[in-house]
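Visitor: quick one, fold the following:
(chains A and B)
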Amino acid sequence: LAVIWEALKEAIHLIVSLDPTVMDITWRSLRVSGASTILAALVCIPIGGLISFRSFPGKRFLLNMIQTLYSVPTVCVGLFVYLMISRSGPLGGLGWVFTPTAMVLGQALLITPIMIGMTVSALSGVDKTIKDTTLSLGASEAQAIWAIIKEARFAMGTGLILGFGRAISEVGTAMILGGNIAGYTRVLTTAIALEATKGDFAIPLALGIVLLCVALVIAVTVNVVQQRR
Amino acid sequence: MAVLLLAALVIGSMGCSSTEDFTKLASSEGRLRVATTTSLYDTGLWTYLEPKFEKEYDIELDVISAGSGAALTYGRNGDVDVLTVHSRSDELKFISDNYGVGRVWFAYNYFLIVGPESDPAGLKGLTPEAAFKKLYENPGIGKFVSRGDNSGTHSKEKAIWKSAGYSDYNAMKAVAIADGWYIDAGKGMGDTLTMANEKQAYTLADEGTFLAVKSGKDLVPIIDTGSILLNVYSVIVCTKSTKQTEAQWMVDFLTSDEIQEIIGNYGKSTYGKSLFIPCAGEAEPTS
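Guide: Modelled structure (predicted):
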(Lines give C-alpha, C1' and ligand atoms only; values in the text may rest on other atoms or scores of the structure.)
Protein backbone atom coordinates (compact mmCIF):
# COMPACT_ATOMS: atom_id res chain seq x y z
CA LEU A 1 0.00 0.00 0.00
CA ALA A 2 3.06 2.20 -0.08
CA VAL A 3 1.97 3.10 -3.58
CA ILE A 4 -1.03 5.06 -2.23
CA TRP A 5 1.22 7.17 -0.02
CA GLU A 6 3.54 7.64 -2.98
CA ALA A 7 0.56 8.69 -5.13
CA LEU A 8 -0.51 11.23 -2.56
CA LYS A 9 2.95 12.78 -2.48
CA GLU A 10 3.11 12.68 -6.28
CA ALA A 11 -0.29 14.41 -6.52
CA ILE A 12 0.73 17.18 -4.15
CA HIS A 13 3.98 17.57 -6.05
CA LEU A 14 2.18 17.75 -9.42
CA ILE A 15 -0.27 20.36 -8.14
CA VAL A 16 2.20 22.50 -6.22
CA SER A 17 4.82 22.49 -8.96
CA LEU A 18 2.15 23.30 -11.57
CA ASP A 19 3.57 20.55 -13.79
CA PRO A 20 2.97 21.94 -17.30
CA THR A 21 1.85 18.64 -18.86
CA VAL A 22 -0.56 17.91 -16.02
CA MET A 23 -1.90 21.47 -16.07
CA ASP A 24 -2.46 21.18 -19.83
CA ILE A 25 -4.28 17.84 -19.48
CA THR A 26 -6.34 19.10 -16.54
CA TRP A 27 -7.34 22.28 -18.36
CA ARG A 28 -8.38 20.20 -21.38
CA SER A 29 -10.45 17.87 -19.20
CA LEU A 30 -12.18 20.87 -17.69
CA ARG A 31 -12.88 22.46 -21.07
CA VAL A 32 -14.10 19.31 -22.81
CA SER A 33 -16.33 18.18 -19.94
CA GLY A 34 -17.43 21.76 -19.16
CA ALA A 35 -18.43 22.31 -22.79
CA SER A 36 -20.24 18.98 -22.96
CA THR A 37 -22.13 19.76 -19.75
CA ILE A 38 -23.18 23.18 -21.06
CA LEU A 39 -24.20 21.69 -24.42
CA ALA A 40 -26.20 18.96 -22.69
CA ALA A 41 -27.78 21.47 -20.28
CA LEU A 42 -28.89 23.76 -23.11
CA VAL A 43 -30.72 20.84 -24.70
CA CYS A 44 -31.82 18.93 -21.63
CA ILE A 45 -33.20 21.66 -19.39
CA PRO A 46 -35.84 22.81 -21.92
CA ILE A 47 -36.71 19.21 -22.81
CA GLY A 48 -36.87 18.23 -19.15
CA GLY A 49 -39.02 21.30 -18.49
CA LEU A 50 -41.47 20.34 -21.19
CA ILE A 51 -41.67 16.71 -20.07
CA SER A 52 -42.24 17.78 -16.49
CA PHE A 53 -44.76 20.50 -17.40
CA ARG A 54 -47.00 18.63 -19.77
CA SER A 55 -48.95 15.48 -19.24
CA PHE A 56 -49.25 13.17 -22.19
CA PRO A 57 -49.85 9.46 -22.80
CA GLY A 58 -46.68 7.42 -22.41
CA LYS A 59 -45.02 9.94 -20.11
CA ARG A 60 -44.25 7.32 -17.47
CA PHE A 61 -42.86 5.00 -20.14
CA LEU A 62 -40.68 7.82 -21.51
CA LEU A 63 -39.31 8.52 -18.03
CA ASN A 64 -38.57 4.83 -17.56
CA MET A 65 -36.68 4.81 -20.84
CA ILE A 66 -34.66 7.88 -19.83
CA GLN A 67 -33.82 6.33 -16.48
CA THR A 68 -32.74 3.11 -18.20
CA LEU A 69 -30.30 5.12 -20.31
CA TYR A 70 -28.56 6.33 -17.13
CA SER A 71 -26.82 2.96 -17.30
CA VAL A 72 -25.64 3.15 -20.90
CA PRO A 73 -22.01 1.97 -21.09
CA THR A 74 -19.66 4.80 -22.00
CA VAL A 75 -17.84 2.68 -24.57
CA CYS A 76 -21.13 2.01 -26.39
CA VAL A 77 -21.87 5.73 -26.62
CA GLY A 78 -18.33 6.20 -27.90
CA LEU A 79 -18.70 3.52 -30.54
CA PHE A 80 -22.11 4.84 -31.63
CA VAL A 81 -20.76 8.37 -32.12
CA TYR A 82 -17.60 6.97 -33.73
CA LEU A 83 -19.67 5.13 -36.34
CA MET A 84 -21.60 8.36 -37.02
CA ILE A 85 -18.57 10.63 -37.45
CA SER A 86 -15.99 8.20 -38.85
CA ARG A 87 -14.94 9.13 -42.38
CA SER A 88 -16.87 6.13 -43.57
CA GLY A 89 -19.93 7.12 -41.48
CA PRO A 90 -22.83 9.44 -42.36
CA LEU A 91 -21.20 12.53 -40.80
CA GLY A 92 -17.68 11.63 -41.93
CA GLY A 93 -17.31 14.78 -44.01
CA LEU A 94 -17.04 16.88 -40.86
CA GLY A 95 -13.64 15.39 -40.03
CA TRP A 96 -14.52 15.27 -36.33
CA VAL A 97 -13.18 11.87 -35.34
CA PHE A 98 -10.19 12.05 -32.93
CA THR A 99 -10.81 15.73 -32.12
CA PRO A 100 -11.90 17.49 -28.90
CA THR A 101 -15.17 18.31 -30.70
CA ALA A 102 -15.95 14.61 -30.98
CA MET A 103 -15.28 14.16 -27.27
CA VAL A 104 -17.62 17.03 -26.36
CA LEU A 105 -20.31 15.53 -28.56
CA GLY A 106 -19.88 12.05 -27.10
CA GLN A 107 -19.87 13.19 -23.49
CA ALA A 108 -22.86 15.46 -24.05
CA LEU A 109 -24.79 12.54 -25.48
CA LEU A 110 -23.65 10.32 -22.63
CA ILE A 111 -24.98 12.65 -19.91
CA THR A 112 -28.15 13.68 -21.75
CA PRO A 113 -30.35 11.06 -20.04
CA ILE A 114 -29.11 12.02 -16.57
CA MET A 115 -29.53 15.73 -17.24
CA ILE A 116 -33.09 15.29 -18.55
CA GLY A 117 -33.97 12.96 -15.68
CA MET A 118 -32.49 15.30 -13.07
CA THR A 119 -34.36 18.27 -14.57
CA VAL A 120 -37.66 16.39 -14.46
CA SER A 121 -37.16 15.27 -10.89
CA ALA A 122 -35.92 18.71 -9.79
CA LEU A 123 -38.99 20.38 -11.28
CA SER A 124 -41.39 17.81 -9.86
CA GLY A 125 -40.21 18.88 -6.41
CA VAL A 126 -41.60 22.38 -6.94
CA ASP A 127 -44.97 23.31 -5.49
CA LYS A 128 -47.65 22.71 -8.14
CA THR A 129 -49.38 26.00 -7.28
CA ILE A 130 -46.52 27.99 -8.81
CA LYS A 131 -47.37 26.62 -12.22
CA ASP A 132 -51.06 27.48 -11.82
CA THR A 133 -50.32 30.91 -10.34
CA THR A 134 -47.92 31.96 -13.11
CA LEU A 135 -50.28 30.68 -15.78
CA SER A 136 -53.29 32.46 -14.22
CA LEU A 137 -51.23 35.66 -14.12
CA GLY A 138 -51.04 35.40 -17.90
CA ALA A 139 -47.59 33.88 -18.34
CA SER A 140 -46.81 31.81 -21.39
CA GLU A 141 -45.84 28.17 -21.00
CA ALA A 142 -42.16 29.03 -21.51
CA GLN A 143 -42.34 31.75 -18.85
CA ALA A 144 -44.03 29.38 -16.43
CA ILE A 145 -41.35 26.71 -17.01
CA TRP A 146 -38.67 29.32 -16.40
CA ALA A 147 -40.34 30.41 -13.14
CA ILE A 148 -40.37 26.81 -11.96
CA ILE A 149 -36.75 26.24 -12.99
CA LYS A 150 -35.73 29.28 -10.92
CA GLU A 151 -37.66 27.86 -8.00
CA ALA A 152 -35.85 24.52 -8.38
CA ARG A 153 -32.37 25.97 -8.84
CA PHE A 154 -30.74 24.01 -6.04
CA ALA A 155 -31.85 20.68 -7.39
CA MET A 156 -30.93 21.89 -10.90
CA GLY A 157 -27.45 22.73 -9.68
CA THR A 158 -27.11 19.20 -8.34
CA GLY A 159 -28.12 17.90 -11.76
CA LEU A 160 -25.46 20.00 -13.44
CA ILE A 161 -22.77 18.77 -11.06
CA LEU A 162 -23.89 15.18 -11.53
CA GLY A 163 -23.77 15.51 -15.33
CA PHE A 164 -20.36 17.19 -15.18
CA GLY A 165 -19.14 14.50 -12.79
CA ARG A 166 -20.15 11.70 -15.13
CA ALA A 167 -18.55 13.52 -18.08
CA ILE A 168 -15.20 14.33 -16.50
CA SER A 169 -14.80 10.92 -14.87
CA GLU A 170 -15.65 8.73 -17.87
CA VAL A 171 -12.93 7.21 -20.01
CA GLY A 172 -14.77 5.14 -22.65
CA THR A 173 -16.10 7.83 -24.99
CA ALA A 174 -13.06 10.09 -24.49
CA MET A 175 -10.69 7.26 -25.47
CA ILE A 176 -12.65 6.12 -28.53
CA LEU A 177 -13.60 9.54 -29.88
CA GLY A 178 -10.47 11.47 -28.92
CA GLY A 179 -7.87 8.75 -29.45
CA ASN A 180 -5.81 9.95 -26.44
CA ILE A 181 -3.55 12.11 -28.62
CA ALA A 182 -0.88 13.81 -26.48
CA GLY A 183 -1.36 17.57 -26.34
CA TYR A 184 -4.60 17.43 -28.32
CA THR A 185 -7.20 14.99 -27.01
CA ARG A 186 -5.48 13.57 -23.93
CA VAL A 187 -7.57 14.28 -20.85
CA LEU A 188 -7.15 13.21 -17.22
CA THR A 189 -9.06 9.93 -17.53
CA THR A 190 -7.36 8.76 -20.73
CA ALA A 191 -3.97 9.69 -19.27
CA ILE A 192 -4.86 7.67 -16.16
CA ALA A 193 -5.79 4.66 -18.30
CA LEU A 194 -2.58 4.92 -20.34
CA GLU A 195 -0.28 5.22 -17.32
CA ALA A 196 -2.06 2.38 -15.52
CA THR A 197 -1.46 0.00 -18.44
CA LYS A 198 2.24 0.75 -18.18
CA GLY A 199 2.19 -0.69 -14.66
CA ASP A 200 3.06 2.59 -12.95
CA PHE A 201 0.34 3.08 -10.36
CA ALA A 202 1.46 6.20 -8.51
CA ILE A 203 1.01 8.58 -11.45
CA PRO A 204 -2.53 7.42 -12.37
CA LEU A 205 -3.63 7.64 -8.74
CA ALA A 206 -2.08 11.10 -8.49
CA LEU A 207 -3.95 12.21 -11.62
CA GLY A 208 -7.14 10.84 -10.03
CA ILE A 209 -6.55 13.09 -7.04
CA VAL A 210 -6.04 16.04 -9.40
CA LEU A 211 -9.37 15.19 -11.06
CA LEU A 212 -11.12 15.19 -7.69
CA CYS A 213 -9.61 18.60 -6.92
CA VAL A 214 -11.15 19.92 -10.15
CA ALA A 215 -14.50 18.42 -9.15
CA LEU A 216 -14.22 20.09 -5.75
CA VAL A 217 -13.63 23.50 -7.34
CA ILE A 218 -16.64 23.03 -9.63
CA ALA A 219 -18.94 21.89 -6.84
CA VAL A 220 -17.93 24.81 -4.61
CA THR A 221 -18.38 27.30 -7.48
CA VAL A 222 -21.85 26.04 -8.32
CA ASN A 223 -22.84 26.21 -4.66
CA VAL A 224 -21.49 29.75 -4.24
CA VAL A 225 -23.39 30.91 -7.33
CA GLN A 226 -26.60 29.38 -5.96
CA GLN A 227 -26.20 31.02 -2.55
CA ARG A 228 -25.63 34.46 -4.03
CA ARG A 229 -29.16 34.68 -5.31
CA MET B 1 -31.57 34.51 -12.25
CA ALA B 2 -29.17 32.24 -10.45
CA VAL B 3 -29.23 29.80 -13.31
CA LEU B 4 -28.58 32.58 -15.79
CA LEU B 5 -25.72 33.82 -13.71
CA LEU B 6 -24.35 30.34 -13.36
CA ALA B 7 -24.57 29.67 -17.08
CA ALA B 8 -22.93 33.00 -17.86
CA LEU B 9 -20.17 32.31 -15.38
CA VAL B 10 -19.45 28.82 -16.62
CA ILE B 11 -19.61 29.81 -20.27
CA GLY B 12 -17.54 32.88 -19.52
CA SER B 13 -14.80 30.96 -17.83
CA MET B 14 -14.67 28.01 -20.16
CA GLY B 15 -16.87 28.59 -23.16
CA CYS B 16 -14.99 31.51 -24.63
CA SER B 17 -11.60 29.95 -24.59
CA SER B 18 -13.09 26.70 -25.75
CA THR B 19 -14.98 28.18 -28.72
CA GLU B 20 -11.85 30.04 -29.71
CA ASP B 21 -9.69 26.95 -29.45
CA PHE B 22 -12.25 24.55 -30.75
CA THR B 23 -12.77 26.38 -34.02
CA LYS B 24 -9.04 26.07 -34.49
CA LEU B 25 -8.90 22.51 -33.20
CA ALA B 26 -12.36 21.42 -34.24
CA SER B 27 -11.51 19.26 -37.21
CA SER B 28 -8.62 17.24 -38.47
CA GLU B 29 -7.68 19.70 -41.23
CA GLY B 30 -3.96 20.28 -41.45
CA ARG B 31 -3.06 17.39 -39.14
CA LEU B 32 -1.44 14.13 -40.11
CA ARG B 33 -2.65 11.08 -38.26
CA VAL B 34 -0.72 7.95 -37.54
CA ALA B 35 -2.31 5.00 -35.79
CA THR B 36 0.35 2.91 -34.12
CA THR B 37 0.59 -0.39 -32.38
CA THR B 38 0.91 0.16 -28.63
CA SER B 39 4.44 -1.24 -28.43
CA LEU B 40 5.92 1.64 -30.43
CA TYR B 41 4.07 4.06 -28.15
CA ASP B 42 4.46 2.48 -24.71
CA THR B 43 8.21 2.20 -25.26
CA GLY B 44 8.23 5.98 -25.66
CA LEU B 45 9.58 5.78 -29.23
CA TRP B 46 6.72 7.74 -30.80
CA THR B 47 6.80 10.43 -28.13
CA TYR B 48 10.49 10.79 -28.95
CA LEU B 49 10.06 10.86 -32.75
CA GLU B 50 6.91 13.04 -32.94
CA PRO B 51 8.55 16.46 -32.39
CA LYS B 52 11.32 15.56 -34.85
CA PHE B 53 8.75 14.82 -37.56
CA GLU B 54 6.73 17.93 -36.80
CA LYS B 55 9.83 20.09 -36.97
CA GLU B 56 11.14 18.59 -40.19
CA TYR B 57 7.86 18.70 -42.12
CA ASP B 58 6.12 21.59 -40.35
CA ILE B 59 2.85 19.72 -39.76
CA GLU B 60 0.92 18.72 -36.64
CA LEU B 61 1.26 14.98 -36.08
CA ASP B 62 -1.41 13.11 -34.11
CA VAL B 63 -0.26 9.76 -32.77
CA ILE B 64 -3.09 7.40 -31.86
CA SER B 65 -1.95 4.36 -29.93
CA ALA B 66 -4.11 1.26 -30.37
CA GLY B 67 -3.63 -2.45 -30.89
CA SER B 68 -2.66 -3.34 -34.45
CA GLY B 69 -6.19 -4.71 -35.01
CA ALA B 70 -7.80 -1.40 -34.01
CA ALA B 71 -5.19 0.60 -35.95
CA LEU B 72 -6.00 -1.35 -39.12
CA THR B 73 -9.72 -0.71 -38.55
CA TYR B 74 -9.09 3.04 -38.27
CA GLY B 75 -7.18 2.79 -41.55
CA ARG B 76 -9.99 0.87 -43.25
CA ASN B 77 -12.49 3.54 -42.14
CA GLY B 78 -10.30 6.35 -43.43
CA ASP B 79 -9.89 7.91 -39.98
CA VAL B 80 -6.08 7.89 -40.05
CA ASP B 81 -3.56 8.55 -42.80
CA VAL B 82 -0.74 6.18 -42.03
CA LEU B 83 -0.14 3.12 -39.83
CA THR B 84 2.84 1.70 -37.96
CA VAL B 85 1.91 -1.88 -37.13
CA HIS B 86 3.36 -5.37 -36.57
CA SER B 87 0.91 -7.97 -37.71
CA ARG B 88 2.19 -9.39 -40.99
CA SER B 89 -0.77 -11.51 -42.13
CA ASP B 90 -3.28 -8.78 -41.22
CA GLU B 91 -1.15 -6.21 -43.03
CA LEU B 92 -1.00 -8.32 -46.18
CA LYS B 93 -4.79 -8.69 -46.10
CA PHE B 94 -5.17 -4.93 -45.54
CA ILE B 95 -3.11 -4.30 -48.67
CA SER B 96 -4.71 -6.98 -50.82
CA ASP B 97 -8.11 -5.47 -49.87
CA ASN B 98 -6.78 -2.20 -51.30
CA TYR B 99 -6.83 -0.26 -48.04
CA GLY B 100 -3.08 0.22 -47.99
CA VAL B 101 -0.67 1.47 -50.62
CA GLY B 102 2.36 -0.60 -49.66
CA ARG B 103 4.08 -2.13 -46.69
CA VAL B 104 7.52 -0.76 -45.81
CA TRP B 105 9.35 -2.44 -42.92
CA PHE B 106 11.55 -0.15 -40.89
CA ALA B 107 12.45 -1.99 -37.67
CA TYR B 108 12.25 -5.36 -35.97
CA ASN B 109 12.95 -7.12 -32.73
CA TYR B 110 11.75 -10.35 -31.16
CA PHE B 111 8.88 -11.57 -29.12
CA LEU B 112 9.69 -13.28 -25.85
CA ILE B 113 7.88 -15.94 -23.90
CA VAL B 114 8.19 -14.55 -20.41
CA GLY B 115 7.26 -16.22 -17.14
CA PRO B 116 8.13 -16.57 -13.47
CA GLU B 117 11.81 -17.00 -12.74
CA SER B 118 11.19 -20.46 -11.26
CA ASP B 119 9.91 -21.64 -14.68
CA PRO B 120 7.37 -24.07 -13.13
CA ALA B 121 6.61 -25.82 -16.41
CA GLY B 122 10.26 -26.22 -17.33
CA LEU B 123 9.98 -24.46 -20.67
CA LYS B 124 13.52 -23.12 -20.74
CA GLY B 125 15.50 -24.37 -23.72
CA LEU B 126 12.42 -25.45 -25.69
CA THR B 127 11.34 -23.94 -29.00
CA PRO B 128 8.27 -21.69 -28.76
CA GLU B 129 6.17 -24.35 -30.47
CA ALA B 130 7.38 -27.12 -28.14
CA ALA B 131 6.73 -24.90 -25.13
CA PHE B 132 3.12 -24.23 -26.16
CA LYS B 133 2.63 -27.93 -26.84
CA LYS B 134 3.99 -28.85 -23.42
CA LEU B 135 1.60 -26.43 -21.70
CA TYR B 136 -1.32 -27.86 -23.69
CA GLU B 137 -0.54 -31.52 -23.22
CA ASN B 138 0.19 -31.23 -19.52
CA PRO B 139 -2.66 -29.04 -18.30
CA GLY B 140 -1.87 -27.37 -15.02
CA ILE B 141 1.93 -27.39 -15.13
CA GLY B 142 1.87 -23.73 -16.00
CA LYS B 143 -0.62 -20.97 -16.72
CA PHE B 144 -0.61 -18.82 -19.84
CA VAL B 145 -2.15 -15.36 -20.21
CA SER B 146 -3.21 -14.49 -23.75
CA ARG B 147 -3.69 -10.92 -24.96
CA GLY B 148 -6.91 -12.06 -26.63
CA ASP B 149 -7.41 -8.63 -28.23
CA ASN B 150 -6.61 -9.17 -31.94
CA SER B 151 -3.40 -7.21 -31.52
CA GLY B 152 -0.23 -8.00 -33.43
CA THR B 153 1.05 -9.90 -30.40
CA HIS B 154 -2.15 -11.91 -30.25
CA SER B 155 -1.89 -12.85 -33.91
CA LYS B 156 1.73 -13.90 -33.32
CA GLU B 157 0.50 -16.14 -30.51
CA LYS B 158 -2.03 -17.70 -32.89
CA ALA B 159 0.75 -18.21 -35.46
CA ILE B 160 2.82 -20.09 -32.88
CA TRP B 161 -0.13 -22.33 -32.00
CA LYS B 162 -0.67 -23.03 -35.67
CA SER B 163 2.99 -23.81 -36.20
CA ALA B 164 2.86 -26.13 -33.17
CA GLY B 165 0.17 -28.16 -34.90
CA TYR B 166 -2.98 -26.60 -33.46
CA SER B 167 -4.51 -25.32 -36.68
CA ASP B 168 -7.87 -24.50 -35.07
CA TYR B 169 -6.98 -21.82 -32.54
CA ASN B 170 -10.51 -21.47 -31.18
CA ALA B 171 -10.86 -25.20 -30.57
CA MET B 172 -7.47 -25.26 -28.83
CA LYS B 173 -8.46 -22.25 -26.74
CA ALA B 174 -11.79 -23.78 -25.70
CA VAL B 175 -10.06 -26.92 -24.40
CA ALA B 176 -7.28 -24.95 -22.73
CA ILE B 177 -9.73 -22.64 -20.96
CA ALA B 178 -11.79 -25.63 -19.83
CA ASP B 179 -8.59 -27.18 -18.47
CA GLY B 180 -8.15 -24.03 -16.43
CA TRP B 181 -4.65 -22.91 -17.38
CA TYR B 182 -5.29 -20.59 -20.34
CA ILE B 183 -6.41 -17.06 -19.47
CA ASP B 184 -7.97 -14.94 -22.21
CA ALA B 185 -7.22 -11.44 -20.88
CA GLY B 186 -8.57 -9.24 -23.67
CA LYS B 187 -6.16 -6.50 -22.64
CA GLY B 188 -3.17 -4.51 -23.80
CA MET B 189 0.45 -5.62 -23.31
CA GLY B 190 0.99 -3.75 -20.06
CA ASP B 191 -2.16 -5.09 -18.41
CA THR B 192 -1.43 -8.60 -19.68
CA LEU B 193 2.05 -8.49 -18.14
CA THR B 194 0.56 -7.25 -14.86
CA MET B 195 -1.91 -10.15 -14.92
CA ALA B 196 0.77 -12.74 -15.76
CA ASN B 197 2.83 -11.31 -12.91
CA GLU B 198 -0.06 -11.62 -10.44
CA LYS B 199 -0.93 -15.15 -11.55
CA GLN B 200 2.69 -16.31 -11.90
CA ALA B 201 1.87 -17.24 -15.47
CA TYR B 202 3.65 -17.25 -18.82
CA THR B 203 2.77 -14.84 -21.59
CA LEU B 204 4.00 -13.73 -25.00
CA ALA B 205 5.39 -10.19 -24.98
CA ASP B 206 7.20 -7.98 -27.43
CA GLU B 207 10.70 -7.28 -26.24
CA GLY B 208 10.34 -3.48 -26.38
CA THR B 209 7.28 -3.21 -24.16
CA PHE B 210 8.57 -5.88 -21.78
CA LEU B 211 11.74 -3.90 -21.16
CA ALA B 212 10.14 -0.45 -21.12
CA VAL B 213 7.11 -0.82 -18.83
CA LYS B 214 7.06 -1.59 -15.14
CA SER B 215 4.31 -4.20 -15.51
CA GLY B 216 5.41 -7.77 -15.05
CA LYS B 217 8.61 -6.78 -13.29
CA ASP B 218 8.94 -10.16 -11.56
CA LEU B 219 8.81 -12.01 -14.88
CA VAL B 220 11.90 -13.03 -16.83
CA PRO B 221 12.41 -14.10 -20.45
CA ILE B 222 12.07 -17.89 -20.62
CA ILE B 223 12.29 -18.39 -24.39
CA ASP B 224 13.92 -15.83 -26.65
CA THR B 225 15.04 -17.84 -29.66
CA GLY B 226 13.11 -19.30 -32.57
CA SER B 227 12.57 -17.65 -35.93
CA ILE B 228 8.82 -17.56 -35.33
CA LEU B 229 9.42 -14.96 -32.58
CA LEU B 230 10.51 -12.36 -35.13
CA ASN B 231 8.57 -9.11 -34.77
CA VAL B 232 8.66 -6.79 -37.78
CA TYR B 233 7.28 -3.25 -37.71
CA SER B 234 6.04 -1.73 -40.95
CA VAL B 235 4.64 1.60 -42.06
CA ILE B 236 1.63 1.60 -44.38
CA VAL B 237 0.03 4.57 -46.14
CA CYS B 238 -3.76 4.25 -46.12
CA THR B 239 -5.51 4.38 -49.49
CA LYS B 240 -8.45 6.34 -48.04
CA SER B 241 -6.25 9.09 -46.64
CA THR B 242 -6.85 12.51 -48.17
CA LYS B 243 -3.23 13.40 -47.37
CA GLN B 244 -1.26 11.01 -49.57
CA THR B 245 1.73 13.36 -49.95
CA GLU B 246 2.03 14.02 -46.23
CA ALA B 247 1.52 10.35 -45.41
CA GLN B 248 4.37 9.49 -47.78
CA TRP B 249 6.53 11.90 -45.75
CA MET B 250 6.08 9.52 -42.84
CA VAL B 251 7.49 6.62 -44.88
CA ASP B 252 10.43 8.80 -46.00
CA PHE B 253 10.96 9.94 -42.41
CA LEU B 254 10.99 6.50 -40.79
CA THR B 255 13.25 5.01 -43.46
CA SER B 256 15.69 7.96 -43.56
CA ASP B 257 19.27 7.27 -42.47
CA GLU B 258 19.01 9.75 -39.60
CA ILE B 259 15.85 8.27 -38.06
CA GLN B 260 16.99 4.70 -38.69
CA GLU B 261 20.07 5.46 -36.62
CA ILE B 262 17.95 7.03 -33.88
CA ILE B 263 15.68 3.97 -33.82
CA GLY B 264 18.72 1.70 -33.64
CA ASN B 265 20.06 3.53 -30.62
CA TYR B 266 16.73 4.03 -28.86
CA GLY B 267 16.70 2.64 -25.34
CA LYS B 268 20.41 1.72 -25.28
CA SER B 269 21.28 4.05 -22.45
CA THR B 270 18.20 3.18 -20.36
CA TYR B 271 17.88 -0.58 -20.89
CA GLY B 272 21.44 -1.50 -21.79
CA LYS B 273 20.35 -2.69 -25.22
CA SER B 274 18.47 -1.30 -28.20
CA LEU B 275 14.75 -1.93 -28.19
CA PHE B 276 14.55 -2.03 -32.00
CA ILE B 277 16.83 -3.03 -34.84
CA PRO B 278 16.49 -0.78 -37.91
CA CYS B 279 15.98 -2.60 -41.23
CA ALA B 280 14.75 -0.08 -43.84
CA GLY B 281 15.99 -0.75 -47.34
CA GLU B 282 17.06 -4.29 -46.48
CA ALA B 283 15.31 -7.50 -47.46
CA GLU B 284 12.37 -8.26 -45.19
CA PRO B 285 13.79 -9.93 -42.06
CA THR B 286 12.87 -13.59 -41.91
CA SER B 287 14.73 -14.85 -38.88
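
Visitor: residues in contact with stretch A:127-136?
Guide: A:53, A:141, A:143-144, A:147-148, A:151 (C-beta atoms under 8 Å, 6 or more residues apart in numbering or on different chains). Heads up, the C-betas are built off the backbone N, CA and C, glycines and all.

Visitor: switch to 7 Å and redo it
Guide: A:143-144, A:147-148, A:151 (C-beta atoms under 7 Å, 6 or more residues apart in numbering or on different chains).

Visitor: list buried residues within these.
Guide: Neighbour counting with 16 or more other C-beta atoms under 10 Å in any protein chain shown marks A:144, A:147-148, A:151 as buried within the contacts of stretch A:127-136.

Visitor: out of those residues, name the ones that lie in helices.
Guide: A:144, A:147-148, A:151 (DSSP state H).

Visitor: quick revisit: so can I have CSV of the buried ones among the contacts of stretch A:127-136 showing pLDDT?
Guide: Below are these laid out as CSV (pLDDT from 0 to 100):
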residue, pLDDT
A:Ala144, 86
A:Ala147, 87
A:Ile148, 87
A:Glu151, 85
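
Visitor: and the residue of chain A closest to chain B?
Guide: A:Gly199 (2.9 Å; C-beta to the nearest C-beta).

Visitor: near chain A, which residues of the stretch 151-287 of chain B are found?
Guide: B:188, B:190-191, B:193-194, B:213-216, B:240 (C-beta under 7 Å from any C-beta of the partner chain).

Visitor: can you select the buried ones from the residues you listed in PyMOL?
Guide: Remark: buried members of those, expressed as a PyMOL selection using 16+ other C-beta under 10 Å:
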select buried, chain B and resi 188+190+191+193+194+213+215+216+240
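
Visitor: burial of the residue of the stretch 1-150 of chain B found nearest chain A, as a residue count?
Guide: Among the residues of the stretch 1-150 of chain B, B:Gly78 lies nearest to chain A; the distance is 3.5 Å by C-beta to the nearest C-beta. Using other C-beta atoms under 10 Å in any protein chain shown, B:Gly78 has 19 other residues around it.

Visitor: same check on the one 5 residues further on?
Guide: Other residues near B:Leu83 come to 29 when the count uses other C-beta under 10 Å.

Visitor: find the nearest non-adjacent residue to it, please.
Guide: B:Ile236 (4.6 Å; C-beta to C-beta, 6 or more residues apart in numbering or on different chains).

Visitor: how many other residues sit next to the closest residue to B:Phe132 other than its chain neighbours?
Guide: Leaving aside its sequence neighbours, B:Phe132 sits nearest to B:Ala164 (C-beta to C-beta, 6+ apart; 4.8 Å). By other C-beta under 10 Å, 20 other residues sit near B:Ala164.

Visitor: now do the contacts for B:Ala164.
Guide: B:129, B:132-133.

Visitor: B:Lys156 now?
Guide: B:111, B:204.

Visitor: how far away is it from A:Val126?
Guide: 62 Å (C-beta to C-beta, to the nearest Å).

Visitor: residues in contact with stretch B:167-180?
Guide: Applying C-beta under 7 Å, 6+ apart, the set of residues contacting stretch B:167-180 is B:136, B:139, B:158, B:161-162, B:166, B:182, B:184.

Visitor: tell me the contacts of B:Ile141?
Guide: By C-beta under 7 Å, 6+ apart, the contact set of B:Ile141 is B:120-121, B:135.
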